[in-house]
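In: with the sequence up front, the predicted model follows.
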Number of protein chains: 2
Amino acid sequence: MLLPKLDPRGESPLYVQIYAHIKHDIISGKLPERSRLPSIRKLADFLGISTTPVELAYNQLVAEGFIESRPRSGFVVQDLPDPYGRVGSVSPLALESGGIREERAYRYDFHLSKNDFRPFPFSLWRRLINQTLREDKQQLLFYGDPQGEAGLRKEIAHYLYQFRGVRCSPDQIVIGSEQYHLLSMLSLLLREHVASIGVENPGYPLLPAAFRQQGFQVVPIPLADDGLDIGALCDAPVRLVAVSPSHQFPRGMIMPIAKRLRLLEWANDVDGFIIEDDYDGEFRYHGRPAPALQGLLPTDRVIYLGGFSQAVAPALGIHYLVLPKRLLEGYYRLYDQTLFEQSSSRLLQHAFMLFMQAGYLGKHVRKMRNLYRKKHDRLVQAVQRHFQEKAEVIGKDAGFHVLLRVHSPRTEKELLQLAKDAGIRIASAAFTWHQPPAEERKEFFLGFGGIEMENIEEGIVRLKEAWFGAEGTG
Amino acid sequence: MLLPKLDPRGESPLYVQIYAHIKHDIISGKLPERSRLPSIRKLADFLGISTTPVELAYNQLVAEGFIESRPRSGFVVQDLPDPYGRVGSVSPLALESGGIREERAYRYDFHLSKNDFRPFPFSLWRRLINQTLREDKQQLLFYGDPQGEAGLRKEIAHYLYQFRGVRCSPDQIVIGSEQYHLLSMLSLLLREHVASIGVENPGYPLLPAAFRQQGFQVVPIPLADDGLDIGALCDAPVRLVAVSPSHQFPRGMIMPIAKRLRLLEWANDVDGFIIEDDYDGEFRYHGRPAPALQGLLPTDRVIYLGGFSQAVAPALGIHYLVLPKRLLEGYYRLYDQTLFEQSSSRLLQHAFMLFMQAGYLGKHVRKMRNLYRKKHDRLVQAVQRHFQEKAEVIGKDAGFHVLLRVHSPRTEKELLQLAKDAGIRIASAAFTWHQPPAEERKEFFLGFGGIEMENIEEGIVRLKEAWFGAEGTG
């Protein structure tokens, strides 16, 4: 093991430096599974420091599941721990995409945000790129509009009105290649108005992480059965709240109209704003999709967040914010349009605009909706058939995952390990809680985006067997 | 004119809101050239406010050249002012790329950062994209490594070592689709160590703008004839400095070795960091390129900033930071690799990696260097031949622009207008000064990246005639 290079005058305490160094080596594969770390005493001697920081670092790594202390073996590197077991600290959303540089193949992959790329129109997209990367369109190789290509923003405005009831002009749309950067910009913009943000608890962790980084105080707000607890929101010291009303992440409820109107009323009352994360708004399988909050009333206080990662593909890099008109002046002032640069490639934006103009996006979304609906239904039926009273599905009928609540005396950690041993990838929903609940919930994501249709039922059968034994036992 | 929608309880003063609204309408074309604004009294009445904020807003717009006050006509919208004339406020770098939504064609376009796309290998790139967007590579449609694709980082590390003497492992490289976002991340990372940043004065405005946004104090440091004034740096209250030693932007000097070593010594002495902006390091036309600061000594205190926008094309979106090893722990801690997302498209990264692996990048850079050298030489000779003692070139022999210092009794504003009237686009270097110099410098960028080879001499002839009349006069 390569010794950590310590900076005694650094801002981080020594134990954090040691911890981060070892964690990184484990994650990047430099320290593979089953390798042994030096004893606390030995490492402290090597580094010329006391045992205390080394002990603290090792303890943290044990707590997070990266290493284990075994009698006579000492500290041994574990298989890269499922972050699933780490309550509240890590999101599996990008984990096995290469973010942790470990590509493991699962037979039954219920990863919560994978796409099914089988219907992706590869040859159409190659054609669109060929139409874009041309000698007679060389200006597309240069910098474009910092806010995003006007033609694409026009298409998006039209699309959003048609499919989600969002009312906006193309000028209100800001494009970005990924969410974090857009949220970062948004947080700087909103920092002029408010200093804290209410977030759904449980909820999507990227948004509060981006806001926290810009100095916001993050205030978790509990959920009721039908979405955010508005009473709790009114009591909270916030004038800005982030919600996912079309399909609450992760619990899946759809916010009813009456509550949406109350939320809009709240925003007017406190002179505040609502961030509406509509990440999978087009994907509702039974019943009609509810129109977006943004278009319900002309309060001009809703920031609408969306993108085409799930509907089409993450690598095309088309995400967007729809800003209320009242925030536009601040946006232009904060982001000098002559200095600031657009993160989404002009080439990909142009090709996506062509994709939309010719009607291919609508066609593709319909195809994906049908496919995902079939997979969703197959999954839900399989769970009902094989788990029966041992588990139930929460948050059906929309999006790309459901939650499975399991009735078992085993711990979450054990359940995850059993699943993994059976070649099944699932994620605990524990990471979505900002403040971990008092007891373990034993709720797991079952994503159906990535898993092949033909493996869904078998995967559920295997999962039931892994947790409860074969038919009649466990 | 559509009335500004004012928010009396907004954080911005009313006059800023009015100013920003009108400015935006002018820039977007809603208020075209020669249209008349309401009088101060009239607008104040319409808005139901006092005349003071309206007057302040109008004054600011006049000062910036957006409107002009004419006797009997009142306030009239000017042709979109060249930001060139606005000292210290605006960069033309992205101005006419569509950022200001005005595409004007100039016969003689000396825009300072346009590329010459005639040698761009379109058919090769179409082929590379076709090799990337394939059914059997569908994982490339999904999220990739948040730090950037490992294969591309490996190629970049190798390329940088070979061409710039940069010494780093692929792990030290962070990719991003554009500079602002990378600088934003870098500033958050460095904020744990320092609170102020020294910048070259004059210098590149995007970097201090990004740092200022994250709360840094920006301290301008003057230049000496051969680069940053190290004595002034030592006296400044900073432990972080940004420099462009290969080719100072905008004045073009190349920092000699002795000064580079002094700078590295300074960084050690103050336990600080240096940001090395090597934006055009491969483009030196006479004499050998100086090796990067980063690789000269193993101080591990240099953050190297580069990208392929000028060498290849901005729309491919490949920029990068090379972080010192000592900052890596902080980078991983701040940017949770399981939440954070890469802004550069995985598809474009993969295609760029193929472009590098097969040796096409090196070949393309050599071709571009030859072409730009010829254009550079043609430009410099034309200036010497036609301007003679009336103007001289500053900052020759590298990059994509030179500076022209003009000896004329006219003001910068007049000179710019005369050039524009003659169909010539140039930019004042005034915007590169953080603190405007005591008197106008009358220095202008002459970019030779975008202008066609055959128009260079004629453009210079016309410019000389526009400023000094035809041969023998003026």
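Out: That came through fine.
In: quick one, phi psi at the spatially closest residue to A:Arg167 that is not a sequence neighbour?
Out: Nearest non-adjacent residue to A:Arg167, counting by Cβ to Cβ, 6 or more residues apart in numbering or on different chains: A:Gly295, 4.6 Å away. (Each C-beta comes from the backbone N, C-alpha and C, glycine too.) The phi/psi pair for A:Gly295 (degrees, to the nearest 10) reads phi -100, psi 0.
In: ok, A:Ile303 next?
Out: Torsion angles, degrees, to the nearest 10, at A:Ile303: phi -100, psi 120.
In: and it, bridged to which residues?
Out: With DSSP bridges as the criterion, A:Ile303 is bridged to A:Ile275.
In: list the contacts for it?
Out: Listed by Cβ atoms under 8 Å, 6 or more residues apart in numbering or on different chains, the contact set of A:Ile303 reads A:Leu186, A:Phe273, A:Ile274, A:Ile275, A:Glu276, A:Leu321, A:Val322, A:Leu323, A:Pro324, A:Leu327.
In: how many other residues sit next to the fifth one?
Out: Here the number of neighbours of A:Glu276 (other Cβ atoms under 10 Å in any protein chain shown) works out to 26.
In: coming back round to it: quick check: the farthest pair among the contacts of A:Ile303?
Out: Farthest pair in these (Cβ to Cβ) is A:Glu276 and A:Leu327. Separation: 13.8 Å.
In: where's the residue nearest to A:Arg167 relative to chain B, distance?
Out: 19 Å (Cβ to the nearest Cβ, to the nearest Å).
In: what sits against that residue?
Out: By Cβ under 8 Å, 6+ apart, the contact list for A:Gly295 reads A:Tyr161, A:Arg164, A:Gly165, A:Val166, A:Arg167.
In: chain center to the helix or strand of chain A with the lowest mean pLDDT: distance?
Out: Lowest by mean pLDDT, DSSP states H and E among the helices and strands of chain A is helix A:14-27, with a mean of 80. Counting by Cα atoms, centre = their mean, to the nearest Å, helix A:14-27 is centred 25 Å from the centre of its parent chain.
In: what packs against it?
Out: On a contact count with 3 or more Cβ pairs under 8 Å, 6 or more residues apart in numbering or on different chains; DSSP states H and E, helix A:14-27 meets helix A:51-63, helix B:328-334.
In: save those helices as CSV, and put in mean pLDDT too.
Out: Formatted as CSV, those follow (pLDDT from 0 to 100):
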stretch, mean pLDDT
helix A:51-63, 82
helix B:328-334, 91
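In: mean neighbour count for these - can I get that in a markdown table?
Out: Shown next, in a markdown table, are these (neighbours: other Cβ atoms under 10 Å in any protein chain shown):
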| stretch | mean neighbour count |
| --- | --- |
| helix A:51-63 | 18 |
| helix B:328-334 | 20 |
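In: quick check on the contacts of A:Gly295: which are buried?
Out: Buried by 16 or more other Cβ atoms under 10 Å in any protein chain shown: A:Arg164, A:Gly165, A:Val166, A:Arg167, out of the contacts of A:Gly295.
In: the residues you listed in helices, which ones?
Out: Mapping the buried ones among the contacts of A:Gly295 onto helices (DSSP state H) picks out A:Arg164.
In: pick the one among the buried ones among the contacts of A:Gly295 closest to chain B.
Out: Distance to chain B, by Cβ to the nearest Cβ, is smallest for A:Arg167 among the buried ones among the contacts of A:Gly295, at 15.9 Å.
In: report pLDDT for that closest one.
Out: Predicted confidence (pLDDT) for A:Arg167: 94.
In: which residues does it contact?
Out: Residues near A:Arg167 by Cβ under 8 Å, 6+ apart: A:Tyr161, A:Gln294, A:Gly295, A:Pro298.
In: assign the first one to helix, strand or coil.
Out: Spelled out, it's A:Tyr161. helix (DSSP: H, G, I helix; E, B strand; the rest coil).
In: and the gap between the residue nearest to A:Val166 when sequence neighbours are not counted and A:Ser343?
Out: Spatially, and ignoring its direct neighbours in sequence, A:Val166 is nearest to A:Leu160 (3.8 Å; Cβ to Cβ, 6+ apart). According to Cβ to Cβ, to the nearest Å, A:Leu160 stands 20 Å off from A:Ser343.
In: with A:Arg410 instead?
Out: 44 Å.
In: settle it for me: which of those two has more neighbours?
Out: A:Ser343 (25 against 15).
In: and that one, its phi and psi?
Out: phi -80, psi -30.
In: so what's it closest to, chain neighbours aside?
Out: A:Ser177 is the one closest to A:Ser343 (Cβ to Cβ, 6+ apart), at 4.1 Å.
In: got the contact list for that neighbour?
Out: A:Gly317, A:Ile318, A:His319, A:Ser343, A:Ser344, A:Ser345, B:Ser177, B:Gly317, B:Ser343, B:Ser344, B:Ser345.
In: for the last one, which non-adjacent residue is spatially closest?
Out: Just to be clear, that refers to B:Ser345. For B:Ser345, the nearest residue in space outside its immediate sequence neighbours is A:Gly317; the separation is 4.7 Å by Cβ to Cβ, 6+ apart.
In: list the contacts for the one you found?
Out: Contacts of A:Gly317 by Cβ under 8 Å, 6+ apart are A:Ser177, A:Glu178, A:Ser343, A:Ser344, A:Ser345, A:Leu348, B:Ser177, B:Ser343, B:Ser345.
In: nearest to B:Asp7 among those residues?
Out: Nearest member of the contacts of A:Gly317 to B:Asp7, counting by Cβ to Cβ, is A:Ser343, at 28.7 Å.
In: confirm A:Gly65 sits in a strand?
Out: No - counting by three-state DSSP, A:Gly65 is not part of a strand but coil.
In: return the residues of the stretch 151-300 of chain A in contact with chain B.
Out: Taking Cβ under 8 Å from any Cβ of the partner chain, the part of the stretch 151-300 of chain A that reaches chain B is made up of A:171, A:176-181, A:184, A:188, A:192-193, A:205-206, A:209, A:213, A:271.
In: quick one, which of those are buried?
Out: By neighbour count, with 16+ other Cβ under 10 Å, those hold A:171, A:176-181, A:184, A:188, A:193, A:205-206, A:209, A:213 as buried.
In: sorry, back to before: the residue nearest to A:Ser343 and B:Gly317, how far apart?
Out: Look at A:Ser177 and B:Gly317: by Cβ to Cβ, they are 8 Å apart.
In: follow-up on the earlier one: for A:Pro71, find the nearest of the helices and strands packed on helix A:14-27.
Out: helix A:51-63 (13.8 Å).
In: quick one: strands adjacent to the following helix or strand past that closest one?
Out: Toward the C-terminus, helix A:51-63 is succeeded by strand A:67-70 as the next helix or strand (DSSP states H and E). Strands adjacent to strand A:67-70 in the sheet, as given by DSSP bridges, are strand A:74-77 (antiparallel).
In: doesn't A:Phe445 fall inside a helix?
Out: No - counting by three-state DSSP, A:Phe445 is located in no helix; its state is strand.
In: ok, how many other residues are close to it?
Out: Using other Cβ under 10 Å, A:Phe445 has 25 other residues around it.
In: hmm, A:Asp109 and it touching each other?
Out: No - judged on Cβ atoms under 8 Å, A:Phe445 makes no contact with A:Asp109 at a distance of 11.7 Å.
In: in PDB, list the C-alpha atoms belonging to the longest strand anywhere in chain A.
Out: Identified as the longest strand of chain A according to DSSP state E is strand A:217-224. The C-alpha coordinates for strand A:217-224 follow below in PDB (Å, rounded to 0.1, in the frame of the first residue of the first chain):
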ATOM      1  CA  GLN A 217     -28.900  25.700   5.200                       C
ATOM      2  CA  VAL A 218     -30.800  22.500   4.200                       C
ATOM      3  CA  VAL A 219     -34.000  21.900   6.100                       C
ATOM      4  CA  PRO A 220     -35.500  18.400   5.700                       C
ATOM      5  CA  ILE A 221     -39.400  18.500   5.500                       C
ATOM      6  CA  PRO A 222     -41.300  15.200   6.200                       C
ATOM      7  CA  LEU A 223     -43.700  13.700   3.700                       C
ATOM      8  CA  ALA A 224     -47.400  12.900   4.200                       C
END
